[in-house]
Structures are given as structure tokens and as C-alpha cells.
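Peer 1: using only what follows, build the 3D model:
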Amino acid sequence: MVSVAGAEARILFRKQGYTPHYAEYVEDPVTGEEVVVMADPHSRRSAFIYNPSKRKIIWEFKVPGTGIKANPHIARMAVEKIAGFNARPGDVLCADRDNRFIVVDRVRKVVRWSYRPSDAVWSHDFMPTKDFQDMLTTDYGNGYLRRINHEGKAVWSLNLGKGLAKLSRIYGNVASGVHGNSYGGEVLAAVNQRVRGVYEISEDRAAIVWSCPPPKGSKNCFFTLKPHAALRLGLAELGGNVTVFNHEAGGGFVAVDRDCRPRWGVMKPLSTTGDREIYRPSSLGLYETTHVFHTPHGFLGIIDWDGAGYSTVYELEEPPAKTSLYWLLAWQRKSSSVPEFLDPPVETGEWRETAFQAVNHGPNRLRVDFYTTLCPVADTSDASVWRKAGSLTVEPSGVNETMLSGYSSVRVAVSSEGESVYTIYVVNRV
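Peer 2: The predicted model follows:
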């Protein structure tokens, strides 16, 4: 066992010369054994299957092509027959270096089916739909998420922006329908940009049903710091689950709740100078985290590029050490003379202190009021539990800040002398 960001973990895979960017832990339909299917786009340029109990790579396929420097970025194992795409259980789905989406015959190591989109820039993910009739594809270069049939024809297209990377399926539910972890969609898509984002998609309606961050002008936002992958954890009622995604920028991973507020994770700010992003490792030893994934025995799987000539695939046994988390209570949101409460209350009780910084982007003076409570039930309809603890006045184009500690929860209300636009940054400090 090793420690990763303060969490007990085991090394699932680490081998000199191999730099996996993607991993999935599955039961191999061919052998019945648990295996890790990985994709190494930068060094081996291959898809490969690793048996962790035997500590052995049991299959590897170097993808054909010369047009793309780095592929495949994903490698998925077909767990049942996908007839239209000529995929049998155990075959591997990925994208090659000629921008083709391919199905690789597990036994003969030949391409059984392929398709190259006419507008392909950097073909990335290739995942079966829930009914195994069609495929979902992503293109990192042009930003298109598409549902295609076996002839390559688009059933629908949705542009999520340049950097659209990996997909994951949301599958948690119970027979009663009371517990589940979908917010209305079936698929999560990660876009590798510094601010946004992660999207939950309905694969039948081609609709975005949830996103983190929500659009500019919203409350409760989190800048995702260049995620490649996202997954949903938890099987709680009333939306009490989290979405976990990696941070390529600076190393780390964070779980956000349905309100896009961080609950736990490892992160650090991303610095830029002009247009240049500066990647620096976190103080807990993560360098560039490129993937998060479900594991059958542990808490969470991650991949981090922490070696001199390799990346490491870890299986965490528990959440990471508690670290400071940075987010936005409001993001360039409009204000008026009528106070708006930025509910739900900010649950500050789990943190040593919580810092609030208000930035006034507009032409009129801004007022931010803070109401606190020690009550464990932070009921916004019960005025008796809330006490006004202070206020901030922020001049036009100005900044002001405060720190609060020792309370169970804080309500924040914002108003201005005329219309204005503002942002409130929040840091939960350990």
C-alpha cells in the first residue's frame, strides 16, 4: 500500500515506458477475470489489457495511422455483442492515429469495423449507448459529441467546445426508484478547459441536463481546471451524490455536489502568464492527473503522471486528505436594489474558516450581507436561527473580502444601489 494525497491506495499499474491516460476496471467476458483496460496515447500509442492478479499485460494492440501524434486516449472493452459495429464480447473499442473509430478483434488483433468522420480533427472517445444499438463519439479538436449508427451517420450532434475528451456512464439506481445518481441524464462528458467543464447529457434527447460550472451569470460555480474525465459517485436520495473529475492543471481531483460546490478533493490554483498556463504539482505530490474511474473494490481510481518515464494507475481506498477548496458563490451575476439570497446556505461547519471575496464588475455600489447560525438544521424559512454577522460594501470596480469561522452555516445576500454585476470567490480552508 502507498499514500496518495493522504489516502491509502494501491498501485494498480506502473511500468517504465508506459504512460496510460485512461483506464477501466472490468470483468473480462473472455476469461471471467477482473482486468484493467488501458490506453497509452503518448508512449506506446496502444490499447492494452492488464491482469492485476497476475501482474501481467495479457494483450496489447498498437493502433494504426500516422496523422495524429497521440492516440488512443481511451480503450473500452465490449462486454456484450454490439451487432451493428461487428463487436463481440472482449473486443476493444478506441480511436486510431488516422482519426478512425475502430473495433479491434481481441483474438486476431485486426480492425473489425472502422469509421472516420468527415470533419474529424482529433477523434477521442467511442462508447456504446445504453441499448448497445449506437455509439457515442467525441472529438477533442472540434468539440462535437455525437450519437452515430453503425453506418457512421449522426443521429444527433452536440457541440460542447474544443477539448471535449472522455465520457462515462451514469448507472446507479435501485428498483424502488427512491435512490439514484442521475440528475436527468445518462452520460457525463468532460471538456479539457480551465474554466469549464463537466456536462451531464441525455443520450436520447441530446440535451444538457446539468453542468459544472453552470453558465456565466449563475450562482454556485466551480472552475474545473482542465478535466479529462468525470464520474458520478454515491447512491443517495434528494440529489445527495457527487461528480468527481480530474485536474490536469496542477494535479488533483475534486468531488462537487449537485449545486456544483466542492465537497472533498485535492486541488491547487492554476496560474497563467498571458496566454501561457503554468502547470505545477500540488503540495500533496500529484503532478498531472489525467483520469478518474470506478473500481470494484476501492473507493476511486485515478491516473497521475508522477514518474520519470511512466504514469501511475492508482486505486484509492478512501477519500484524500482534507485540503482547501476554491469555488465561486456567484459568477458575474446581476444584482439590483432587491437583496438576493445566494442559497442554499454555505455549510461552513466542516472547515476551519471560510473566506469570501466580492468583486464588483459594475457601475454601482454593491452590498453583501452575511447571516450566520450555529443550528445544525440551517432552515432558510426560520428567521429565528439566523443572525446578521456583518456586511461588505464594494465600490464600483472594487474588491472587498471577509473571513468567517465557527458557524454551522452562512447565508449570503447581495444587493446594489442600481444594477450591477459581481462575482464572489470562496475558499474553504482546512
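
Peer 1: and the residue most central in space within the chain, what helix or strand is that in?
Peer 2: In the chain, the centroid-proximal residue (C-alpha atoms, centre = their mean) is Phe245; its distance is 2.7 Å. Assigned by DSSP states H and E, Phe245 belongs to strand 242-246.

Peer 1: and for Thr402?
Peer 2: With DSSP H and E as criterion, Thr402 is part of strand 399-404.

Peer 1: please apply the same query to Val103.
Peer 2: With DSSP H and E as criterion, Val103 is part of strand 101-104.

Peer 1: helices or strands next to that strand in the packing?
Peer 2: Contacts defined by 3 or more C-beta pairs under 8 Å, 6 or more residues apart in numbering; DSSP states H and E place strand 101-104 against strand 92-95, strand 111-115, strand 123-128. The way it works is simple: take the backbone N, C-alpha and C, and place the C-beta from them, glycine included.

Peer 1: same thing but 10 Å
Peer 2: strand 56-62, strand 92-95, strand 111-115, strand 123-128, strand 135-139 (3 or more C-beta pairs under 10 Å, 6 or more residues apart in numbering; DSSP states H and E).

Peer 1: that older thread, Provide the strand pairings for the strand holding Thr402, with the direction of each partner.
Peer 2: strand 353-360 (antiparallel) (DSSP bridges).

Peer 1: next one: the strand it pairs with to chain centre, how far?
Peer 2: 25 Å (C-alpha atoms, centre = their mean, to the nearest Å).

Peer 1: how about that strand: buried residues?
Peer 2: Across strand 353-360, burial judged by 16 or more other C-beta atoms under 10 Å covers 354-360.

Peer 1: same check, this time on stretch 238-256
Peer 2: Under 16+ other C-beta under 10 Å, the buried positions of stretch 238-256 are 241-256.

Peer 1: where along the stretch 201-350 of the chain do the strands fall?
Peer 2: Secondary structure of the stretch 201-350 of the chain (DSSP state E, counting those that start in this stretch): strands located at 207-212, 219-221, 230-233, 242-246, 253-256, 262-266, 271-273, 276-278, 289-293, 300-304, 312-316, 325-335, 340-341.

Peer 1: may I see those arranged in JSON lines, with mean pLDDT and distance to Gly6 as well?
Peer 2: JSON lines is the format used below for the strands of the stretch 201-350 of the chain (pLDDT from 0 to 100; distance: least, C-beta to C-beta, whole Å):
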{"stretch": "strand 207-212", "mean pLDDT": "98", "distance to Gly6": "24"}
{"stretch": "strand 219-221", "mean pLDDT": "97", "distance to Gly6": "26"}
{"stretch": "strand 230-233", "mean pLDDT": "98", "distance to Gly6": "18"}
{"stretch": "strand 242-246", "mean pLDDT": "98", "distance to Gly6": "16"}
{"stretch": "strand 253-256", "mean pLDDT": "98", "distance to Gly6": "13"}
{"stretch": "strand 262-266", "mean pLDDT": "96", "distance to Gly6": "8"}
{"stretch": "strand 271-273", "mean pLDDT": "91", "distance to Gly6": "23"}
{"stretch": "strand 276-278", "mean pLDDT": "90", "distance to Gly6": "24"}
{"stretch": "strand 289-293", "mean pLDDT": "98", "distance to Gly6": "15"}
{"stretch": "strand 300-304", "mean pLDDT": "98", "distance to Gly6": "13"}
{"stretch": "strand 312-316", "mean pLDDT": "97", "distance to Gly6": "10"}
{"stretch": "strand 325-335", "mean pLDDT": "98", "distance to Gly6": "14"}
{"stretch": "strand 340-341", "mean pLDDT": "98", "distance to Gly6": "35"}
